[in-house]
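>>> how would this look folded up:
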Amino acid sequence: MTIPQSDVRGPAGDDAGDMHSPQQPQPVPHQPQSQDPHAQQPAPQHAPGTQYAPQPHHSPASEPAIRAIRLVKTYGEGEARVRPLDGLTLDIAAGCFTAIMGPSGSGKSTLLHMLAGLDTPDSGEVILAGTPLTGLSDARLTALRRDRIGFIFQAFNLVPAMTARENILLPSQLAGRTVDRTIVRRIVDRLGLGDRLHHRPHELSGGQQQRVAVARALVTGPDVIVADEPTGNLDSASGDEVLGLLRASVDDYGQTVVMVTHDPQAAARADRVLLLADGRPAGELHSPTAEAVAAALTRVTAGAGQAGGAAPAGAGAAPVPGHAAGTTHTGGAR
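So this is what the prediction gives:
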């Protein structure tokens, strides 16, 4: 499948050519000031010459990027029945990096799919960028996911017949958007994919496929980046590059990152670590260290299956407001 040149700014056949000078940002057309305090505002202009410069449509800082309200999800029947989410309520703060952790079966991946609109709850509501997902038509839900969310899946989800470059550009093509190839090149180079762009997924290692998936999620500058074990198939150096990009997307460009991980070192790059147990919040840490995350996760895992799924006292994680208490806050510099 060929990406039309109309979807890419610049001369045909030049993968690395700059489309416009970084020292001459595109002018932003004047927009009258809205009287609605929650109205969407133009994306801020950033310093020239940066390594990664998406221009996302941000959610208002005063509102959560995503809200989950009393989510319940059940699979199976009879003795095979499991409930990965059991009345879970939480907010994902806009412009922050949130890591979700918990023991196996705690509901991490199910929650991530709900927050991204990839699955629907039995009851409860998810509100994404101020829009309730319940009741949206398939077309509107697809458009909302495409325009507002970047996905990084553990299983990569690349199109086998497409090259790495075509996979990276696919979301933009489907949305009918042009892509600044300067940004694409910077992300590709940082992820070490420059010499693999014309290879198909079966010609790439697992780590290379994951880096293609990361690049695909970042090039459109989405409001929210949803990542399921994004470093799980990478070596330590490549994983650190991916985490650095996710961290930069929050710190430098105000995007929101939600990441499921089992790795305390990866979680320590987040602003907030949310711990789950038995389908409910079991505590959280802010500005965590890897040691604090590991200790809290161990204690939450030991307490899984108890009433409310809460960790024992002294677990090293602050309780989520409105949920089981009995834990204490700890944290430190990233």
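>>> where does the prediction get shaky in this structure?
1-62, 305-334 (pLDDT under 70).
>>> residue ranges for the strands of it, please.
Under the criterion DSSP state E, strands of the chain are mapped to 66-75, 82-92, 97-101, 123-128, 131-132, 149-152, 224-228, 256-260, 272-277, 280-286.
>>> list the helices and strands the second one packs on?
Using 3 or more CB pairs under 8 Å, 6 or more residues apart in numbering; DSSP states H and E as the contact definition, the elements that strand 82-92 packs against are strand 66-75, helix 108-115, strand 123-128, strand 280-286. Glycine gets a C-beta too; all of them are placed from N, C-alpha and C.
>>> can you name the residues in contact with the shortest one?
When you say that, I think you mean strand 123-128. 64-72, 85, 87-89, 114-115, 117, 132-134, 144, 148-149, 224 (CB atoms under 8 Å, 6 or more residues apart in numbering).
>>> re earlier: for the helices and strands packed on strand 82-92, which one ends up most surrounded?
Ranked by mean neighbour count under mean count of other CB atoms under 10 Å, these are led by strand 280-286, which reaches a mean of 26.
>>> any idea how far apart the tips of stretch 130-148 sit?
12 Å (CA to CA, to the nearest Å).
>>> likewise stretch 214-229?
End-to-end distance (CA to CA), stretch 214-229: 11 Å.
>>> give me the distance from that stretch to the chain's centre.
6 Å (CA atoms, centre = their mean, to the nearest Å).
>>> mind checking which of the helices and strands packed on strand 82-92 is nearest residue 260?
helix 108-115 (4.7 Å; CB to CB).
>>> one step back: relative to residue 203, which of the helices and strands packed on strand 82-92 is closest?
helix 108-115 (28.3 Å).
>>> who's in contact with the closest one?
Outside helix 108-115, the residues touching it (CB under 8 Å, 6+ apart) are 66, 68, 71, 73, 84-85, 88, 92, 100-102, 119-121, 126, 128, 226, 228, 258, 260, 276.
>>> show me how far that helix is from its chain's centre.
11 Å.
>>> could you check the angle that helix makes with strand 272-277?
120 degrees (axes from the mean of the first three to the mean of the last three CA atoms, to 10 degrees).
>>> please begin residue numbering at 869 from this point
Got it, the first residue is 869 from now on, which makes the last one we talked about helix 976-983.
>>> tilt between helix 976-983 and strand 1092-1096?
Using the same axes, to 10 degrees: helix 976-983 against strand 1092-1096 is 150 degrees.
>>> ok and helix 976-983 relative to strand 1124-1128, angle-wise?
Using the same axes, to 10 degrees: helix 976-983 against strand 1124-1128 is 150 degrees.
>>> can you count the residues close to residue 931?
Residues lying near residue 931 (other CB atoms under 10 Å) number 16.
>>> sorry, back to before: dump the helices and strands packed on strand 950-960 into TSV; add distance to residue 1028 as well.
TSV is the format used below for the helices and strands packed on strand 950-960 (distance: least, CB to CB, whole Å):
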stretch	distance to residue 1028
strand 934-943	29
helix 976-983	23
strand 991-996	30
strand 1148-1154	38
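>>> thank you kindly, that will do.
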